[in-house]
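Undergrad: Fold the following and give me the result.
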Amino acid sequence: MNRLGEKSLRTLEYFTVLDLLAAQTVSARGREMALALRPVTDHEDAALYLRQTTDAKNMMVKNGSPTLGGIRDVTAALRRCEVGGALNMRELLGVASLLQAARLMQAYFAEQEEKTTLTPIYHRISGNRSLEESITTSIVSEEEMADGASPELSSIRREMRRIGGRVRETLGRMISGERAKYLQEAIITQRNGRFVVPVKAEHRGDVPGLVHDTSGSGATLFVEPAQVVEINNQLKVLEGREQQEIERILAELSAGVAQCSASIREDYEALCTFDFIFARAKLSFQLNACEPHLTEDYAVNLHRARHPLLDQKTAVPIDIAIGRDYDTLVITGPNTGGKTVSLKTLGLLCLMAQSGLHIPANETSEVCIFENVYADIGDEQSIEQSLSTFSSHMKTIVGIMEKCAKGDLVLFDELGAGTDPIEGAALAVSVIGYARQMGARVAATTHYSELKTFALTTDGVENASCEFDVGTLRPTYRLLTGIPGKSNAFAIAARLGLQPTILERAKEQISTENTRFEDVLAELEKERRQLEKYKAEAERLRAAAQSERDKAENLRDKTQDETDRILENARLKADRILKDARMAAETVFDELEDMKKQAQKKAADQNLAAAKTTLRGIITQTETELRGKAREKRTVDPNEVKNLKPGDEVQLLNVSGVTATVLKAPDADGNVQVQAGIMKMNVRVTEVRPLKKQKQEKKPSGRPAGGKGGVRELRVQAAPSEIDVRGLCAEEAILEVDQFISSALMSKLPTVRIIHGKGTGTLRAAIQSHLKRNKFCKTVRNGVFGEGEMGVTVVEFK
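TA: As a prediction, this is how the structure comes out:
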């Protein structure tokens, strides 16, 4: 990019946006990529980068933020081990941390079934669980090798502990025995890697041995007593063997890294790319931004656009367009009314979109790919303008005029200001005309009436103004396209108390043409405000009518639901009554069988008659109750059954769920003969319902149940992958952790981190004990190096 282009990026505050982006990265390489970002001029590249940002944002909504904190720059270490060099423990732990980050990213993508623009980058990650575990199980910290790194190292250290114990035992007897009086303190310390005791200088001869050091005052000698010299020598030999074994293990691990250096380097590049892409997604969330639609022509149409560096909660959104109906936009209005911000918003959002960044605007916004974006925007909010300021701006304008061409966007702030108004206005019209002739899209702010007239009388040039409320003397910061603005100098001066006579004299200095032109602008503004008032009232009435319709639909749906519920309850109650009757009948039949077997025939016959009478009474009572329940909620229109004929299908209303076939048409008494299964029976026409006619009456409602049509979008809150409970007591922390675990399970996160700090270990023990009883937790462990070690608990779900 040329010098003029870089200056325009700085003028439009593009680099400040990059600082916001860099703050979202977690790796040094990701930060470098963010700060080095520049707009692209290829349509396909810009579309790809925007889609990557969108795909990353969608994944964060579904799965939460990925864990990328373990990315370490291992490129220098890889180069050294590739030529046979051995890595130190810090470098090897860096490799392990990178491999762990690769493994976690693989797990993050495991739930992603559909392919996205991020899939090719994901496939570049290979990981190496075996090498990662070899390093983490062998190295405890940057300065300590684990005892279990090799059998030999374990054996050496076991022997060192044994011999060290002998030394301490021998010296312990000495400092507590007769010679204790010769010591400055009854302690055992080390000098030059050997165990010594502090001896008073005047008693040097009373403690035979080797002097390894003296105190600063010379009053204390650090003596290795003769009786432990040989034991210390053995310890020194073991320390040498220990160091040799550590170096051998480091060389072995380094060789393993060298064998996989190509895949590790690819993992590093892919993870840094992901860090950069997900940083763009995080910035999109921060700015409440979205992906704009990329157009093929040189046209921009921004809806409810906001400058990304303003407070997104208080910034007034603007609508601004250029390139289709007109190629030049002239923005007028009072000072501090928002003209410069509107100009910067247009340029900066175009640059962001061409860089793959989402823009803070409505998702219906459209942007194009400009070849260059040139801007001459300075601090024109001061009342003091000097020749040097004019010269500085003109120097920039000269450079823009030399380079602008078709496909460029050119932005001028207060074009022609800082010099004689007549000459400045003429110069501004000429500069805009030349840029249009070169094929560029132009947007300029101005106070000059000549430019307003130029826009009104020239095809392809449109006026726009920043709205100003004369009543409050405050700008509204709304951009109104199609209407030129007024500076409102007289209105502001009068409101602030300037004497009327002075104002009248000032108005006399303005030509009749200018006064008439300003009056026309004022009348247009008055009519526009009146139209907006009518429009707002119409919209309010429309919304009120829609609300009433919605209430009516909801009431109807609620009534239907209540009716269905009552009918269903009646059916269930009838089923229970029938079931109870059947159970009673079965009981009577069982008793009858017993009576037949145990009593005489005559007595049995008498009992049989009594049982039958009882049974008939129960069944009769049951049928009466069933009919009563059915009639409560089920009535049949006589017109529905008078035309029944043989072969028609009917539903028996008194027996839930039973259908039958008509055998004979209804007789004069209102009875109809039907067959249900193998049973033939006569029933009343009021106890059946024709099925065919019932189906015809069930017409589709024409819209889905639940009120309004359409589909409601479901947005899932991104669940975090870690929680910080430091400072909480155990009970409070466990409550927070339980809610966090539930959210993580619903978001299907594979692993989570709980930050509780090291402290006394009480909080860690309480949390881990609680989580180990959770059936959804597969493993609960302390963090390893790079994860927070004892200050963090890592949970892996089943």
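Undergrad: just checking, Asn301 touches Arg324?
TA: Yes - counting by Cβ atoms under 8 Å, Arg324 is a contact partner of Asn301 at 7.3 Å. In this view, the C-beta of every residue, glycine as well, is placed from N, C-alpha and C.
Undergrad: So if I had to pick from those two, which one is more boxed in?
TA: Ranked by neighbour count (other Cβ atoms under 10 Å), Asn301 and Arg324 place Asn301 first, with 20 against 13.
Undergrad: what are the phi and psi angles of that one?
TA: Dihedral angles of Asn301 (phi, psi; degrees, to the nearest 10) stand at phi -140, psi 100.
Undergrad: Equivalent analysis for Thr332, please.
TA: phi -120, psi 170.
Undergrad: helix or strand right after the helix or strand of the chain with the lowest mean pLDDT?
TA: Taking mean pLDDT, DSSP states H and E as the measure, the helix or strand of the chain with the lowest value is helix 691-697, at a mean of 50. Reading on from helix 691-697 to the C-terminus, the next helix or strand found by DSSP states H and E is strand 722-724.
Undergrad: just checking, what packs against the helix or strand just after that following strand?
TA: Following the chain from strand 722-724 toward its C-terminal end, the next helix or strand by DSSP H and E is helix 730-746. Applying 3 or more Cβ pairs under 8 Å, 6 or more residues apart in numbering; DSSP states H and E, one finds that helix 730-746 makes contact with strand 722-724, strand 751-755, helix 762-771, strand 792-797.
Undergrad: Select, out of those, the one closest to Phe195.
TA: Each of the helices and strands packed on helix 730-746 has some distance to Phe195 by Cβ to Cβ; the shortest is helix 762-771, at 35.2 Å.
Undergrad: Mind exporting the C-alpha coordinates of that closest one to PDB?
TA: Presented in PDB, the C-alpha positions along helix 762-771 are these (Å, rounded to 0.1, in the frame of the first residue of the first chain):
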ATOM      1  CA  THR A 762      -9.200 -26.300  51.000                       C
ATOM      2  CA  LEU A 763     -11.300 -24.800  48.200                       C
ATOM      3  CA  ARG A 764      -9.700 -27.100  45.600                       C
ATOM      4  CA  ALA A 765     -10.300 -30.200  47.800                       C
ATOM      5  CA  ALA A 766     -14.000 -29.300  48.300                       C
ATOM      6  CA  ILE A 767     -14.700 -28.700  44.600                       C
ATOM      7  CA  GLN A 768     -12.900 -31.800  43.400                       C
ATOM      8  CA  SER A 769     -14.600 -34.000  46.100                       C
ATOM      9  CA  HIS A 770     -18.000 -32.600  45.000                       C
ATOM     10  CA  LEU A 771     -17.300 -33.100  41.200                       C
END
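Undergrad: If you count neighbours, what's buried in the helix or strand that comes right after that helix?
TA: Next along the chain after helix 762-771, taking DSSP H and E as the criterion, comes strand 777-782. Using 16 or more other Cβ atoms under 10 Å as the test for burial, strand 777-782 gives Cys777, Val780.
Undergrad: In its sheet, which strands sit next to strand 777-782, and in what direction?
TA: Next to strand 777-782 in the sheet, as set by DSSP bridges, lie strand 792-797 (antiparallel).
Undergrad: quick check: mean pLDDT across the strand or helix carrying Val373?
TA: According to DSSP H and E, Val373 maps onto strand 372-376. Across strand 372-376, the average pLDDT comes to 93.
Undergrad: What separation do you get for Ser145 and Arg689?
TA: One correction, residue 145 is Met, not Ser. Distance check for Met145 against Arg689: by Cβ to Cβ, to the nearest Å, it reads 86 Å.
Undergrad: next one: Glu159
TA: 95 Å.
Undergrad: the more surrounded of those two?
TA: Neighbours were counted for Glu159 and for Arg689 using other Cβ under 10 Å; Arg689 has more, 19 against 16.
Undergrad: Tell me the secondary structure at the more buried one.
TA: The assignment at Arg689 comes out as strand when based on DSSP: H, G, I helix; E, B strand; the rest coil.
Undergrad: what residues go with each domain of the chain?
TA: 3-128+260-287, 149-253, 293-509, 534-630, 635-697, 722-797 (automatic domain parsing).
Undergrad: Quick check: end-to-end length of the second one?
TA: Between the opening and closing residues of domain 149-253 lies a distance of 10 Å (Cα to Cα, to the nearest Å).
Undergrad: again, but for the first one
TA: Taking Cα to Cα, the first and last residues of domain 3-128+260-287 lie 29 Å apart.
Undergrad: do stretch 66-77 as well
TA: With Cα to Cα as the measure, the ends of stretch 66-77 fall 26 Å from one another.
Undergrad: Equivalent analysis for stretch 70-81, please.
TA: For stretch 70-81, the separation between the terminal residues is 21 Å (Cα to Cα).
Undergrad: Show me which parts of it are buried, residue by residue.
TA: Gly70, Ile71, Arg72, Val74, Ala77, Leu78, Cys81.
Undergrad: Need the pLDDT of the second one.
TA: Taken from the predicted model, the pLDDT recorded for Ile71 is 92.
Undergrad: Now do the nearest residue to it once chain neighbours are set aside against Asn58, distance only.
TA: The spatial neighbour of Ile71 that comes closest, neighbours along the chain excluded (Cβ to Cβ, 6 or more residues apart in numbering), is Ser27 at 3.9 Å. With distances defined as Cβ to Cβ, the gap from Ser27 to Asn58 amounts to 22 Å.
Undergrad: who touches the nearest residue to Leu78 once chain neighbours are set aside in this structure?
TA: Leaving aside its chain neighbours, Leu78 sits nearest to Ser261 (4.6 Å; criterion: Cβ to Cβ, 6+ apart). When contacts are counted by Cβ atoms under 8 Å, 6 or more residues apart in numbering, Ser261 touches Leu78, Cys81, Glu82.
Undergrad: OK, contacts around the first one?
TA: The contact partners of Leu78, by Cβ under 8 Å, 6+ apart, come to Val257, Ala258, Ser261, Ile264, Arg265.
Undergrad: hmm, try it at 10 Å
TA: Leu78 makes contact with Leu87, Glu91, Val95, Val257, Ala258, Cys260, Ser261, Ala262, Ile264, Arg265, Tyr268, according to Cβ atoms under 10 Å, 6 or more residues apart in numbering.
Undergrad: what do you get for Ile249?
TA: By Cβ under 10 Å, 6+ apart, the contact list for Ile249 reads Ala86, Met89, Leu92, Ser134, Ser138, Ile139, Met145, Ala146, Ala149, Ser150, Glu152, Leu153.
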